[in-house]
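>>> got a predicted structure here, sequence first:
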Amino acid sequence: MKKRAAFAVDGERVGPDGEESMKAGASGKKALVVVDMLNDFVRPGAPLEVPETRTILPALRRRIAKARREGELVVYICDAHRVNDPEFARMGWPPHAVEGTPGAGVVDSLAPEPGDVVVEKRTYSGFHGTPLRFVLQRNEIRSLTLSGCVTNICILFIAAEAGIRGYDVTVDERYVAGLSRKDHAFALDQMEKVFGVRVLRRPGKAPRR
C-alpha cells in the first residue's frame, strides 16, 4: 500500500505515523495552526465553498506573517481526501480537496513557506491518522492558536482534541470562518465552555449565554 505523506514545504516528507524524519520549523513553544484554507473551501463556487473564509483572508495573512516574524511555528492542516473518500458519502459532503488536485491546495495568498509544516488529514480530526502530535512534540509546542475553517467542524474538533491532550488553545474569532453565524457562535461557545479554549471575540460580539 502506498504510504500517504504529509510534508514540510521544503520538500522533506513525513509519514502519517511520523516515523520518518521531520525538519523542525521554528524553535518557539507556540504554533499557529491554519486549517483547511484550501481552494475547494475558499474560491467562489468551490465544491465546499465557505464564503466567510474570504472575509478572514486579509487578517489571517497578517497573522501568519506575524507568526513567522516572531518564530511561531506555522502548521497547515489540510484535507487530502481520496477520490472516493468515505467521508463524502457518510457525511453527505460533495467531493472536495481530493489529494493531488488544485482544489486541495492552500490558497495562493496564504501559501506555505519554507519552515512551515503541512499536515494532511482525511477526517475532521487534526490528530487522527496524522503526524501532528509528533510535529508538536518535536518543536516543544504547548500553545496552539487555531485559524481557518470550518468553525463548527474541523476547528471545533481540533480544539477539543488539543484541549483534551493538554495544549493551551486559543481561537481568535477574527481568524476563523463558519458556514453560518448560528453554527459559528455555537462552536465558539462549546470550545470556551466545554473544552477550556481561550476564545477571543470580535469587538461587540459577546458570548452567547
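Here it is on my side, so go on. Numbering: from 1, shown residues only.

>>> from here on, contacts and neighbour counts on C-alpha atoms
OK.

>>> at which residues are the strands of the chain located?
Under the criterion DSSP state E, the chain contains strands at 6-8, 13-14, 30-35, 73-79, 117-121, 143-149, 168-177, 198-200.

>>> mind giving me the packing neighbours of the longest one?
If I follow you right, that is strand 168-177. With contacts taken as 3 or more Cα pairs under 8 Å, 6 or more residues apart in numbering; DSSP states H and E, strand 168-177 sits against helix 52-69, strand 143-149, helix 156-164, strand 198-200.

>>> looking at the ones you listed, which is buried most?
Across the helices and strands packed on strand 168-177, averaging neighbours per residue (mean count of other Cα atoms under 10 Å) puts strand 143-149 on top, at a mean of 24.

>>> give me the helices and strands touching that one, please.
Checking 3+ Cα pairs under 8 Å, 6+ apart, strand 143-149 ends up next to strand 30-35, helix 52-69, strand 168-177.

>>> among the ones you listed, which is nearest Ser125?
strand 30-35 (10.5 Å; Cα to Cα).

>>> neighbouring contacts of that closest one?
Contacts to strand 30-35, defined as Cα atoms under 8 Å, 6 or more residues apart in numbering, come from residues 64, 67, 72-78, 141-149, 154-155.

>>> pLDDT of that strand, averaged?
The average pLDDT within strand 30-35 is 98.

>>> my guess is Met37 contacts Val107. True?
Yes: in this structure, Met37 is within contact of Val107 by Cα atoms under 8 Å, at 6.4 Å.

>>> so these two - more neighbours on which side?
Neighbours of Met37 and Val107, each counted by other Cα atoms under 10 Å, are more numerous for Met37; the result is 31 against 19.

>>> where in this protein is pLDDT low?
The chain contains residues with pLDDT under 70 at 1-28, 204-209.

>>> Pro58 and Val176, how far apart?
Look at Pro58 and Val176: by Cα to Cα, to the nearest Å, they are 12 Å apart.

>>> and Val106, bridged to which residues?
Per DSSP bridges, the residues bridged to Val106 are Leu38.

>>> list the contacts for it?
Counted by Cα under 8 Å, 6+ apart, Val106 has contacts 36-39, 78, 112.

>>> now for those: which two are most distant?
Farthest apart among the contacts of Val106 by Cα to Cα are Asn39 and Pro112. That separation is 13.6 Å.

>>> out of these two, which sits in the more crowded spot?
Applying other Cα under 10 Å to Asn39 and Pro112 shows that Asn39 carries more neighbours, namely 22 against 19.

>>> any idea which of the helices and strands packed on strand 143-149 gets closest to Pro102?
Closest to Pro102 of these, according to Cα to Cα: strand 30-35, at 16.6 Å.

>>> and that closest one, how far out from the chain's middle?
7 Å (Cα atoms, centre = their mean, to the nearest Å).

>>> and the angle for it with strand 73-79?
20 degrees (axes from the mean of the first three to the mean of the last three Cα atoms, to 10 degrees).

>>> coming back round to it: closest to Arg202 out of the contacts of Val106?
Among those, Met37 lies closest to Arg202 (Cα to Cα), at 20.2 Å.

>>> quick one: the closest one from Gly105, how far?
Taken as Cα to Cα, the span from Met37 to Gly105 is 8 Å.
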